[in-house]
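> no sequence on this one, just coordinates:
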Ligand SMILES: CCCCCOc1ccc(S(N)(=O)=O)cc1
Ligand SMILES: [Zn+2]
């Protein structure tokens with residue numbers, strides 16, 4: 001392992017290079033994937049997704065060098081999901097986005113090879129079974145990530161209209177980031193960024209939400225770099241689809 005160099009989405013440190021530092025990148029349960037609806041298996045045993053994002057107070061919005069992220073105080077199960085393919089409730093830890101330099105790419109999951117301009121990930125962990133998020137990341141039933149596709153329309157989605165007040169804690173109600181219909185596909189997968197752990201039950205919603213082109217442009221004003229470094233626009237922070245390797249994608253709907 002050559003020294004601790006960080007990973008990114010560029011030519012020299014991007015997804016095709018990650019396996020050198022994170023060999024699991026070439027594992028059998030990697031994410032994202034291309035979802036082919038005609039090949040998904042409708043599973044009548046799948047329960048509806050239950051989402052109770054009671055007014056969990058979110059922390060500040062932050063740029064972690066790879067995405068823009070909203071962290072949640074995850075001390076209790078006030079903001080959690082359960083039902084669906086899950087055996088337990090999973091506590092919301094953070095949500096973040098992946099997007100492109102233009103509207104023709106940006107999402108991580110694709111549907112019949114089609115990309116969306118942006119994809120929201122709501123990251124939850126099994127706090128019933130594990131003591132910390134870091135412990136959950138190491139376990140195959142440790143995490144559940146809900147993926148929501150974002151489409152760009154002229155009309156703005158209220159939930160994303162929040163002004164990011166400088167230094168005030170944001171009160172994002174992530175429920176406003178969910179579409180009315182919670183039909184989903186689910187499959188066993190991984191984190192889509194290093195360390196790429198295969199500890200995620202993926203729940204990808206069928207219905208996209210709309211954001212305005214203004215909000216999409218705001219994502220593209222973010223930077224991968226810090227003040228000192230030469231500026232690099234934070235765009236195309238998505239990993240391409242990975243081999244399915246025999247995994248079955250189940251659908252919660254006919
Ligand atoms: C203990 C270290 C883990 C830090 C990394 O956490 C992640 C990484 C990727 C995703 S994603 N794009 O698959 O939703 C979610 C959470
Ligand atoms: Zn993500």
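Okay, I see it. No experiment lies behind these values; they were computed from the predicted model shown. Ligands and ions are numbered 1, 2, ... in the order given.
> Ligand 1 contacts on the chain?
121, 123, 134, 137, 145, 191-193 (C-beta under 6 Å from any ligand atom). Where you see a C-beta, it was placed from the backbone N, CA and C, and this is true even at glycine.
> ChimeraX command to pick out the buried ones of those?
Buried members of the residues of the chain next to ligand 1, defined by 16 or more other C-beta atoms under 10 Å, are picked up in ChimeraX with:
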select :121,123,137,145,191,192,193
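> Out of the residues of the chain next to ligand 1, which sit inside helices?
With DSSP state H as the criterion, helices contain 134, 137 from among those.
> just the residues of the chain next to ligand 1 now: which is nearest residue 18?
residue 193 (8.3 Å; C-beta to C-beta).
> residues touching that closest one, list them.
7, 66, 239 (C-beta atoms under 8 Å, 6 or more residues apart in numbering).
> try 7 Å
By C-beta atoms under 7 Å, 6 or more residues apart in numbering, the contact list for residue 193 reads 66, 239.
> do residue 99 as well
With C-beta under 7 Å, 6+ apart as the criterion, the residues that contact residue 99 are 106, 117-118, 219, 235, 237.
> again, only this time at 10 Å
Taking C-beta atoms under 10 Å, 6 or more residues apart in numbering, we find residue 99 in contact with 67-68, 105-107, 116-120, 150, 152, 211, 216, 219-220, 222, 234-238.
> Residue 244 too?
By C-beta under 10 Å, 6+ apart, residue 244 lies in contact with 28-30, 33-36, 39, 187, 189.
> Can you add distance to residue 84 and neighbour count and give those back as JSON lines?
Below are the contacts of residue 244 laid out as JSON lines (distance: C-beta to C-beta, whole Å; neighbours: other C-beta atoms under 10 Å):
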{"residue": "28", "distance to residue 84": "23", "neighbour count": "14"}
{"residue": "29", "distance to residue 84": "18", "neighbour count": "22"}
{"residue": "30", "distance to residue 84": "21", "neighbour count": "23"}
{"residue": "33", "distance to residue 84": "18", "neighbour count": "22"}
{"residue": "34", "distance to residue 84": "21", "neighbour count": "17"}
{"residue": "35", "distance to residue 84": "16", "neighbour count": "23"}
{"residue": "36", "distance to residue 84": "20", "neighbour count": "14"}
{"residue": "39", "distance to residue 84": "20", "neighbour count": "11"}
{"residue": "187", "distance to residue 84": "12", "neighbour count": "21"}
{"residue": "189", "distance to residue 84": "15", "neighbour count": "26"}
